[in-house]
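1. Sequence unavailable; structure follows:
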């Protein structure tokens, strides 16, 4: 048995064991009992042996445990506009919410978003592979072979479930800012915001834009899970002009409308919309609940482009100088 007692009591170092990622560490985030390391390509979680075995009953435990969580890093807007943006805005100096819980929920939301991204990529690849397979086979008679992916309904359902899980995690974050929202839905959040602010308030205007998308996500999931006739998912099929139509989805349910479109475009649009929604809602809620810093009034503003690249986010706390330039608070 290897005795790592002396190593546990001393400082040390380690290397990220991922041959597919040789990019440098760009961000380090301490959250609960974990340390999160973000490179340009990936995100990792690190844990010490003493956190797993605090009484040191098993001295053969390696001193450090590392695990790759996501194949997204600072080069990916998925991570920048969720986890990194939350890191910059969810700070005890500026907000009175449960910061650790908010960051944990953000990681959960990011996990759903990366899963949606992977489903998008796999579906697009399967679609192209089906097309290429048919092209490679010459017709021996007057029939025409129609490509097929197979399991299209199931893949769309899985995507819709992930999207709805993402929306649920976002609602959990909303409830940290607005505790009176516990047990309530998006429509009730909109009513609460209008009561607290006014119809013309920017936050209320944002909610008017994003809530229909969030409700569409829930309605799509309900339709696909329960095989309702209000939603129709089709694999490749021929049309009357003799063309082959790519896999499509359409829905008309509870006021949510998806006009017939390709599944690939639907998935990509939903993914992009949800990413936009997360970023803008987090920014607006943080602005609404922001505390003064050291007695000085602060603002939440859009970073200059050169700082966006350095900070890996678009929004930050700061002040405007006499020339009207936004100066972020690090």
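-> Done, it's in. If you're wondering where the values come from, they're calculated on a predicted model, not measured in any experiment.
2. Please confirm that residue 67 is located within a helix.
-> No - looking at residue 67 with DSSP: H, G, I helix; E, B strand; the rest coil, it is strand, so not inside a helix.
3. What pLDDT is listed against it?
-> In this prediction, residue 67 carries a pLDDT score of 95.
4. OK, contacts around the residue nearest to it when sequence neighbours are not counted?
-> Distance criterion CB to CB, 6 or more residues apart in numbering; nearest residue to residue 67, sequence neighbours excluded, is residue 45 at 5.0 Å. Placement of C-beta: from N, CA and C, glycine included. Residues in contact with residue 45 (CB atoms under 8 Å, 6 or more residues apart in numbering) are 34, 35, 36, 37, 66, 67, 69.
5. Likewise for residue 39?
-> Counted by CB under 8 Å, 6+ apart, residue 39 has contacts 16, 21, 23, 24, 25, 26, 73, 74.
6. quick one: what helix or strand has the first one in it?
-> Per DSSP states H and E: residue 16 is located in neither a helix nor a strand.
7. and the residue nearest to residue 67, that's in a helix?
-> No - according to three-state DSSP, residue 45 belongs to no helix; its state is strand.
8. How much space separates it from residue 99?
-> Distance of residue 45 to residue 99, given as CB to CB, to the nearest Å: 18 Å.
9. who's in contact with residue 166?
-> Contacts of residue 166 (CB under 8 Å, 6+ apart): 109, 112, 113, 116, 217, 274, 278.
10. Same list (these) but as CSV, adding neighbour count and secondary structure.
-> Converted to CSV, the contacts of residue 166 look like this (neighbours: other CB atoms under 10 Å; DSSP: H, G, I helix; E, B strand; the rest coil):
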residue, neighbour count, secondary structure
109, 24, helix
112, 20, helix
113, 26, helix
116, 25, helix
217, 25, helix
274, 24, helix
278, 25, helix
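11. what's the closest of the residues you listed to residue 306?
-> residue 278 (24.1 Å; CB to CB).
12. show me what contacts the closest one?
-> Listed by CB under 8 Å, 6+ apart, the contact partners of residue 278 are 81, 82, 109, 113, 166, 170.
13. burial measure for the closest residue to the third one other than its chain neighbours, as a count.
-> What it means is residue 109. Residue nearest to residue 109 in three dimensions, not counting chain neighbours: residue 169, with 4.0 Å by CB to CB, 6+ apart. Applying other CB atoms under 10 Å, we find 21 residues neighbouring residue 169.
14. picking up where we left off before, okay, the contacts of residue 278 in TSV with distance to residue 30 and pLDDT next?
-> Output for the contacts of residue 278, formatted as TSV (distance: CB to CB, whole Å; pLDDT from 0 to 100):
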residue	distance to residue 30	pLDDT
81	21	98
82	18	98
109	19	98
113	23	97
166	25	98
170	23	98
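15. Output the residues you listed as TSV; include the columns distance to residue 61.
-> TSV is the format used below for those (distance: CB to CB, whole Å):
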residue	distance to residue 61
81	37
82	32
109	32
113	33
166	35
170	37
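16. Among those residues, find me the one that's closest to residue 244.
-> Closest to residue 244, out of all of the contacts of residue 278 and judged by CB to CB, is residue 113, at 31.6 Å.
17. The closest one contacts residue 274, correct?
-> Yes - if you go by CB atoms under 8 Å, residue 113 and residue 274 touch, sitting 6.7 Å apart.
18. what helix or strand is residue 144 on?
-> Counting by DSSP H and E, residue 144 is part of no helix or strand.
19. so who does it touch?
-> 238, 242.
20. try it again with 10 Å
-> Residues in contact with residue 144, defined by CB atoms under 10 Å, 6 or more residues apart in numbering, are 134, 238, 242, 244.
21. Please report how far it lies from residue 237.
-> Taking CB to CB, one finds residue 144 at 12 Å from residue 237.
22. returning to what we had before: quick check: ChimeraX command selecting the buried ones in the contacts of residue 45.
-> The following ChimeraX line selects those of the contacts of residue 45 that are buried, judged by 16 or more other CB atoms under 10 Å:
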select :34,35,36,37,66,69
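23. Any figure for the gap between residue 234 and residue 260?
-> 9 Å.
24. All the helices of the stretch 201-330 of the chain, in order from the start?
-> Counting by DSSP state H, counting those that start in this stretch, the stretch 201-330 of the chain has helices at residues 202-225, 263-288, 305-311.
25. buried sites along the first one?
-> When you say that, I think you mean helix 202-225. 203-204, 206-207, 210-211, 213-224.
26. try the last one
-> In terms of neighbour count (16+ other CB under 10 Å), helix 305-311 has its buried residues at 307, 311.
27. what about the protein, any weak spots by pLDDT?
-> 1-12 (pLDDT under 70).
28. According to the record, where do the domains of it fall?
-> Per the record, the chain has its domains at 5-70, 77-136+144-291, by automatic domain parsing.
29. The nearest residue in space to residue 202 that is not next to it in sequence - how many residues pack around it?
-> Computed as CB to CB, 6+ apart, the closest residue to residue 202 that is not its neighbour in sequence is residue 284, at 6.8 Å. Neighbourhood size, residue 284 [other CB under 10 Å]: 22.
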